[in-house]
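Chemist: Just to be clear, the model below is a prediction. Sequence and coordinates:
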Amino acid sequence: MITTVGVLGAGQMGNGIAHVFAQYGYKVVLFDIAQVQLDKALKTIGQNLDRQAKKGAIPETLVEETLGRITATQDMTGLADVDFAVEAVTENEPLKLDIFRKLDRIIKEGAILASNTSSIPITKIASVTGRPDRVIGMHFMNPVPVMKLVEVIRGHTTSDDTFARTGVLVAKLEKEMAVSQDYPGFIVNRVLIPMINEAIFALYEGIASAEDIDKGMKLGTNQPMGPLALADFIGLDTVLAIANVLYDGFKDQKYRPCPLLVKMVNAGDSGRKSGRGFYTY
Ligand code: CAA
């Protein structure tokens, strides 16, 4: 029975994942190496819960209850007793592999280790652990408290039991799952990132302004935000990292990242989180 969940990484995705597990009654241990990141995450979770309560989406009492279920720690051994862990650190393969090696040694036998990776092979992550049958992909969408989907990725070695238990968790969070095999970009990013990259090419080639590209896609295809605004929302560094995973994984020219995206990331313009991307925040 899963009652305690560990979340690794207190960034944009990690705070949302901790938020929803705690909201639905799980005890959450939130780990990050940086105390300032943990403080910022708890503050963001508090603000997002307040926003949900003000809109009447959750009862007022659930705000404090949810926050009370989250413990923050800078010490990975604090995750030893969790039943299920979700890793949500930066989209960087060596870093994730290193974390899974450590996690596997720390967390109790039998616990499931999930990664929120948006593109790195689950099979490879599983292979560095001593429990490859209990490793799975659990890819949440941003903003986590709002988005209904969780993409669940079965690695080559993921067991039916691990898959079934993960599916139960998704349902407990009142989310829907889409199941993907373990190939670069899975489902959502396989389709989304080439669309965003193509929008960046349209800007790079001077076809239209950022505003008109976004207006075209927003009003012309009923998307809640245009692809360039969405890129800023996801983070341009993350968009580039995923584009490179598709490009390297398929060795197909059609996935090459637009040079403008590369240049913006080199300049440190990573979208909303840095205050500047295709728009200024
Ligand atoms: N926590 C809790 N609630 C939140 C929230 C958060 N972080 N962010 C927004 N909300 C709530 C708001 O309170 C509001 O609630 P009501 O409907 O009850 O009023 C609702 O969500 C809509 O928010 P806003 O009114 O502030 O703004 P909006 O209508 O412009 O919607 C949006 C904002 C939800 C982000 C919407 O623009 C949207 O859906 N955008 C697309 C998001 C998307 O595509 N995400 C996937 C990105 S891809 C990804 O994550 C995977 C990857 O690997 C890259």
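Modeler: It's in. Predicted model only: the values in this text are computed from it and were never measured.

Chemist: Show me where the stretch 51-200 of the chain has its helices.
Modeler: Here the stretch 51-200 of the chain has its helices, by DSSP state H, counting those that start in this stretch, at 61-68, 93-106, 122-127, 160-172, 188-204.

Chemist: Return the most buried member of those.
Modeler: helix 122-127 (a mean of 22; mean count of other C-beta atoms under 10 Å). The C-beta positions use only the backbone N, C-alpha and C, and glycine is treated the same way.

Chemist: Give me the helices and strands touching that one, please.
Modeler: Judged by 3 or more C-beta pairs under 8 Å, 6 or more residues apart in numbering; DSSP states H and E, helix 122-127 is in contact with helix 93-106, strand 135-140.

Chemist: mind checking which of these is nearest the ligand?
Modeler: Among the helices and strands packed on helix 122-127, strand 135-140 comes nearest to the ligand, with 6.3 Å by C-beta to the nearest ligand atom.

Chemist: Please save the CA atoms from the closest one in PDB.
Modeler: Taking C-alpha atoms only, strand 135-140 is exported to PDB below (Å, rounded to 0.1, in the frame of the first residue of the first chain):
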ATOM      1  CA  VAL A 135      11.200   1.600 -12.400                       C
ATOM      2  CA  ILE A 136       8.700   3.500 -14.500                       C
ATOM      3  CA  GLY A 137       8.100   6.800 -16.200                       C
ATOM      4  CA  MET A 138       5.400   9.100 -14.700                       C
ATOM      5  CA  HIS A 139       5.400  12.300 -16.700                       C
ATOM      6  CA  PHE A 140       3.200  15.000 -15.300                       C
END
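
Chemist: Let's test this: mean pLDDT of that strand, rounded?
Modeler: The pLDDT scores in strand 135-140 average 98.

Chemist: Quick one: residues in contact with it.
Modeler: For strand 135-140, the surrounding residues in contact (C-beta atoms under 8 Å, 6 or more residues apart in numbering) are 13, 16-17, 20, 86, 88, 100, 112-118, 122, 125-126, 129, 147, 150-155, 157-158, 162-163, 166, 169-170, 180, 182, 186, 188.

Chemist: If we use 6 Å, what do you get?
Modeler: 17, 86, 113-116, 118, 122, 126, 129, 150-151, 153, 158, 162, 166 (C-beta atoms under 6 Å, 6 or more residues apart in numbering).

Chemist: Now tell me which of these the prediction trusts least.
Modeler: Out of the contacts of strand 135-140, that is S118, at 88.

Chemist: Alongside the ligand, which residues does the stretch 101-250 of the chain contribute?
Modeler: 118, 141-143, 145-147, 188-189, 192, 224-225, 230, 234 (C-beta under 6 Å from any ligand atom).

Chemist: ok, those vs A53, which is closest?
Modeler: Nearest to A53 among these is P145, at 11.8 Å by C-beta to C-beta.

Chemist: what does the model give the closest one for pLDDT?
Modeler: pLDDT recorded at P145 is 97.

Chemist: Torsion angles phi and psi at it?
Modeler: The phi and psi values for P145, taken as degrees, to the nearest 10, are phi -60, psi -20.

Chemist: Renumber starting at 331 from here on
Modeler: Shifting the count to begin at 331 puts that one at P475.

Chemist: rewinding a little: which of the contacts of strand 465-470 has the largest number of neighbours?
Modeler: Using other C-beta atoms under 10 Å as the neighbour criterion, A444 leads those with 29 neighbours.

Chemist: For K478, give me phi and psi.
Modeler: Backbone torsions of K478, given as degrees, to the nearest 10, read phi -80, psi -20.

Chemist: Tell me who's in contact with it.
Modeler: By C-beta under 6 Å, 6+ apart, the residues touching K478 are 505-506.

Chemist: Relative to I375, how far out is it?
Modeler: As for K478, its distance to I375 is 19 Å (criterion: C-beta to C-beta, to the nearest Å).

Chemist: again with K593
Modeler: 34 Å.

Chemist: Look at the two and report which has more neighbours.
Modeler: Taking other C-beta under 10 Å, K593 and I375 do not tie; I375 has more neighbours (25 against 11).
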